[in-house]
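> structure for this input, please:
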Amino acid sequence: MTDEKSRDNTRAHQADPANRARLRWRSRRGLLENDIILTRFLDAHETELTDEEVDAFTRLLDLSDNALMDLVLARSEPEGEIDSPHVHALLARLRRA
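Sure thing, here's the model as predicted:
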């Protein structure tokens, strides 16, 4: 049941141009480096992101530019509310991108 619900949410996100545009808009950052990394990642992987990955990406977007850059460059690791397996997995993908 959970897998089916997750797939429905993923399709809803992927099928909704407003949700996709909102995610892309939030990816535009004050630090050019973050902006480039996130935009290139979305260019390459946006259409294949799962609901869990979209949630993890959104949690990362809630961070300040400096905190996000430290995570992407592996200068720090997720703590507190963002310390989840999905965030760790997405960070690994961002770091390889």
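
> quick check: residue 23 touching residue 42?
Yes: the criterion here is CB atoms under 8 Å, and residue 23 meets it with residue 42 at 7.3 Å. Bear in mind the C-beta positions are built from the backbone N, C-alpha and C, glycine included.

> quick check, central residue of the chain?
By CA atoms, centre = their mean, the chain has its centre lying nearest to residue 57, at 1.8 Å.

> for it, give me its contacts.
The neighbours of residue 57, taking CB atoms under 8 Å, 6 or more residues apart in numbering as the test, are 23, 49, 90.

> wait, which of these is closest to residue 84?
Within the contacts of residue 57, the smallest distance to residue 84 is 9.6 Å, found for residue 90 (CB to CB).

> returning to what we had before: and the residue nearest to the centre of the chain, how far from residue 43?
When distance is defined by CB to CB, to the nearest Å, residue 57 is 14 Å away from residue 43.

> and stretch 55-71, how far apart are its ends?
16 Å (CA to CA, to the nearest Å).

> tell me where this protein has strands.
Secondary structure of the chain (DSSP state E): no strands located.

> low-confidence ranges in it?
Residue ranges of the chain with pLDDT under 70: 1-15.

> let's see 50
Where the chain drops to pLDDT under 50, the residues are 1-11.

> in it, which spans are helices?
2-15, 17-26, 32-45, 51-61, 65-72, 85-96 (DSSP state H).
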